[in-house]
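K.L.:
Test case, fold it:
(chains A, B, C and D)
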Protein chains: 2
Amino acid sequence: MTDDLVLRRQVCFALYTASRALTDVYRPILDEFGLTYPQYLVLLVLWERPDDAPTVSELGTELRLDSGTLSPLLKRLEGAELVVRRRSARDERRVEVGLTERGRALRQRVEHIPMCVAQATGLGLAELVALRDTLTQVTDTIHRQKEQ
Amino acid sequence: MTDDLVLRRQVCFALYTASRALTDVYRPILDEFGLTYPQYLVLLVLWERPDDAPTVSELGTELRLDSGTLSPLLKRLEGAELVVRRRSARDERRVEVGLTERGRALRQRVEHIPMCVAQATGLGLAELVALRDTLTQVTDTIHRQKEQ
DNA sequence: CGCAATTAAGTTGTGCACAACTTATCGGTG
DNA sequence: CACCGATAAGTTGTGCACAACTTAATTGCG
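P.N.:
Below is the predicted model:
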């Protein structure tokens, strides 16, 4: 009898649990700004290129989320007056997502968060970087396989 | 201007994405058995101790899920005739979750899955073990902080 | 040019996660 | 023994994720 099915042995379970644990760290912090973690991720992308107004599918490519997830999420961000959505002039299928002044201003108020969360992991900077790179590599490997 | 808010630099995003990518690997495989990943996790716990019939909250402790998640999930597993739920005789508040014959039999049919998924990560065995241990350590660190 | 295939965003339905709450049971203390 | 706080499971409501589908606009090929 193999022991491969033992929960604590599985990388996937460790990943699933660690991901939820880190979201738990974010939750009370982001809650003060009325944000969820996925909403915060969308804002991260927008803050990276404030003059860009990416489309919904460009956001989806960055975050690996589809319109089924992003459409209602963006509607909520728009309701919070953090982003605006407008149909592209040159391609009426596209919807461009831009920051409002309010959304732009939020950036500096949340700038300290990544440091707090990184600290909560208990890992050193080098370990964090190594972990991040390993995880990114795994994700890329899986997605590369999927496309073939 | 700090770059801490850049998406690709963040461990959390790497974790969030890797977790979803791995679930993506599981999905089509588990789909053949009519299972979701969290349902599979519950079965893993039950297979580990087939004579135990843990309570809902014992399952919750293992998986770090609350009754709000587990109750409907277990109802679906019961609908699929993979588990049975029964009130504990000596404590009517508790509900014990046991495997049906069908649930017990499923074990050997999914025994190969962890190997397949591990392979999809592209990591070697040693790397996988190291990754799992790092993630478990992070999760434990976070939960320990939470309890104090 | 005309139309079929493609692309973009949104909608619908299912199943987690999780907070907040409800209901029922239990255990301990006066 | 009665009651009160604690505990267990379930319910309700919100917000992701994701599959499958719809609608609308565009592209490209004959």
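K.L.:
Between stretch A:68-77 and DNA strand D (residue level, any contact counts), is there anything?
P.N.:
Yes - Stretch A:68-77 lies within reach of DNA strand D by CB under 7 Å from any atom of the strand, at A:Gly68, A:Thr69, A:Pro72, A:Leu73, A:Arg76. Yep, even glycine has a C-beta here, placed from its N, CA and C like the rest.
K.L.:
Count the neighbours of A:Arg94 for me.
P.N.:
Using other CB atoms under 10 Å in any protein chain shown, A:Arg94 has 15 other residues around it.
K.L.:
Return the backbone torsion pair for it.
P.N.:
When read as degrees, to the nearest 10, the backbone of A:Arg94 gives phi -80, psi 150.
K.L.:
Please look at A:Leu135 and B:Ala21 and confirm they touch.
P.N.:
No - in this structure, A:Leu135 is not within contact of B:Ala21 by CB atoms under 8 Å, at 9.2 Å.
K.L.:
Of all the residues in chain A, which one is nearest DNA strand D?
P.N.:
A:Gly68 (2.7 Å; CB to the nearest atom of the strand).
K.L.:
Contact partners for that residue?
P.N.:
Contact partners of A:Gly68, counting by CB atoms under 8 Å, 6 or more residues apart in numbering or on different chains, are absent.
K.L.:
Are the helix or strand where A:Glu96 lies and DNA strand C in contact anywhere?
P.N.:
Assessed by DSSP states H and E, A:Glu96 sits inside strand A:95-99. Yes - counting by CB under 7 Å from any atom of the strand, DNA strand C has neighbours in strand A:95-99: A:Val95, A:Glu96.
K.L.:
Contact partners for the residue most central in space within chain A?
P.N.:
Central residue of chain A (CA atoms, centre = their mean): A:Leu41, 3.3 Å from the mean position. If you count contacts by CB under 8 Å, 6+ apart, A:Leu41 has them with A:Leu63, B:Leu7, B:Phe13, B:Tyr16.
K.L.:
Check A:Thr141 too.
P.N.:
Residues in contact with A:Thr141 (CB under 8 Å, 6+ apart) are B:Ala120, B:Thr121, B:Gly122.
K.L.:
Mind checking which of these are in helices?
P.N.:
With DSSP state H as the criterion, helices contain B:Ala120 from among the contacts of A:Thr141.
K.L.:
Now rank the contacts of A:Thr141 by neighbours and give me the top one.
P.N.:
B:Thr121 (25 neighbours).
K.L.:
Just the pLDDT at it, thanks.
P.N.:
The model reports B:Thr121 with a pLDDT of 96.
K.L.:
mind showing which ranges of chain A have poor pLDDT?
P.N.:
Applying pLDDT under 70 to chain A flags the ranges A:1-5, A:148.
K.L.:
residues from it in reach of DNA strand D?
P.N.:
A:36-39, A:64-69, A:72-73, A:76, A:90-93.
K.L.:
Show me just the buried residues among these.
P.N.:
Neighbour-count burial within the residues of chain A next to DNA strand D applies to A:Thr36, A:Tyr37, A:Pro38, A:Gln39, A:Leu65, A:Leu73; the criterion is 16 or more other CB atoms under 10 Å in any protein chain shown.
K.L.:
Assign the fifth one to helix, strand or coil.
P.N.:
Translated: A:Leu65. coil (DSSP: H, G, I helix; E, B strand; the rest coil).
K.L.:
and it, what does it touch?
P.N.:
A:Pro38, A:Leu59.
K.L.:
Can you tell me how far it is from B:Asp31?
P.N.:
Here the criterion is CB to CB, to the nearest Å. By it, A:Leu65 lies 21 Å from B:Asp31.
K.L.:
Now intersect the contacts of A:Leu41 with the strands, please.
P.N.:
Judged by DSSP state E, strands contain none of the contacts of A:Leu41.
K.L.:
show me where chain A has helices.
P.N.:
For chain A, the helices defined by DSSP H occupy A:11-31, A:37-48, A:56-63, A:67-79, A:101-109, A:113-120, A:125-146.
K.L.:
what helices or strands is the fifth one leaning on?
P.N.:
Which is helix A:101-109. Here helix A:101-109 touches helix A:37-48, going by 3 or more CB pairs under 8 Å, 6 or more residues apart in numbering or on different chains; DSSP states H and E.
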